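> can you look at this prediction? I've put the sequence above it.
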Amino acid sequence: MTAAVSTHLVIADDHPLFRDALRQAVASVVPSAKIGEAGSFDELTKLLERDSDVDLVLLDLTMPGISGFSGLIYLRAQYPAIPVVIVSASDDGGTIRRSLDFGASGFIPKRFGVETLRDAIVKIMEGDVWIPPDTDLTSTADPDMTRLRDRLVTLTPQQVRVLMMLSEGLLNKQIAYELGVSEATIKAHVSAILQKLGVESRTQAVIAAARISGGQWRQGTPSAT
């Protein structure tokens, strides 16, 4: 495979050893690639804010700042032109299917060896969607889950961030501080989130978000203020 010198990839995973394995796999496929690394979702967002000219993000489903599909939903909303591939230890058929439903360009289980990582990255860099060959995606989707997924993807990037912070139990004033906006802005975002998800309270919104992640979306105790 040949690639331009400007090829830029980002590996987002909180395990340094696995990041190193991915880096080696990528380097063997695209020797000239620029490879960024992030050990938390906050590091990833700051990296992309500095330079969003990225050709591919390799994203773990569970790392500090995200759990479940929250990070994928945010990236697809905020950076729709950047392909995102999930690299995860949770590799059942349902998780893989939902990753694709939320816009992932592929899914690479962490249990696979470097050789498979290399082959998967080759296919993905060529524009193909890669999933494990033994994956069964034919199971019937739950209509309620499908409707909830469709509602989640209508959230703006900022609303996704607010929902992620609600799920960690942060107060409106804490979220406002973290995002550098007013508390009134956060209240407006929360109201919009409730409306879009078709729920009546912050707690229901967090529970709804956790359902789509199969319980992986980290839940705190949402407060009203």
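Yep, that arrived. Numbering: from 1, shown residues only.
> ok, now which ones touch Lys46?
For Lys46, the contact set (CB atoms under 8 Å, 6 or more residues apart in numbering) is empty. No exception for glycine: its C-beta is placed from N, CA and C like everyone else's.
> next structured bit after the helix or strand hosting Val162?
Element membership of Val162 [criterion: DSSP states H and E] is helix 157-167. Note on helix 157-167: by DSSP H and E, the next helix or strand toward the C-terminus is helix 172-179.
> so which elements touch that following helix?
When contacts are defined as 3 or more CB pairs under 8 Å, 6 or more residues apart in numbering; DSSP states H and E, helix 172-179 packs onto helix 157-167, helix 183-197.
> weakest of those in terms of mean pLDDT?
Between those, the lowest average pLDDT goes to helix 157-167, which shows a mean of 90.
> what angle do it and helix 172-179 make?
Relative orientation of helix 157-167 versus helix 172-179 (axes from the mean of the first three to the mean of the last three CA atoms, to 10 degrees): 130 degrees.
> list the helices and strands helix 157-167 packs on?
Contacting helix 157-167 under the criterion 3+ CB pairs under 8 Å, 6+ apart are the following elements: helix 70-78, helix 172-179, helix 183-197, helix 202-212.
> may I have stretch 48-59 as PDB, with CA atoms only?
Extracted C-alpha coordinates of stretch 48-59, given in PDB (Å, rounded to 0.1, in the frame of the first residue of the first chain):
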ATOM      1  CA  LEU A  48      -8.500  17.700  17.100                       C
ATOM      2  CA  GLU A  49      -9.200  21.300  18.100                       C
ATOM      3  CA  ARG A  50      -5.600  22.100  17.400                       C
ATOM      4  CA  ASP A  51      -5.500  20.100  14.100                       C
ATOM      5  CA  SER A  52      -8.600  18.500  12.600                       C
ATOM      6  CA  ASP A  53      -6.800  17.600   9.300                       C
ATOM      7  CA  VAL A  54      -6.900  13.900  10.300                       C
ATOM      8  CA  ASP A  55      -7.400  11.000   7.900                       C
ATOM      9  CA  LEU A  56      -8.500   8.400  10.500                       C
ATOM     10  CA  VAL A  57      -9.200   8.100  14.300                       C
ATOM     11  CA  LEU A  58      -8.800   4.700  16.000                       C
ATOM     12  CA  LEU A  59     -11.000   5.000  19.000                       C
END
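> tell me how far that stretch lies from the chain's centre.
What separates the centre of stretch 48-59 from the centre of its chain is 13 Å, taken as CA atoms, centre = their mean, to the nearest Å.
> list of residues touching it?
With CB under 8 Å, 6+ apart as the contact definition, stretch 48-59 has outside contacts at 7-13, 22, 26, 36, 44, 71-72, 75, 78-79, 82-87, 105, 108, 124-125.
> which of the residues you listed fall within helices?
Counting by DSSP state H, the contacts of stretch 48-59 place Leu22, Val26, Leu44, Gly71, Leu72, Leu75, Gln78, Ile124, Met125 in helices.
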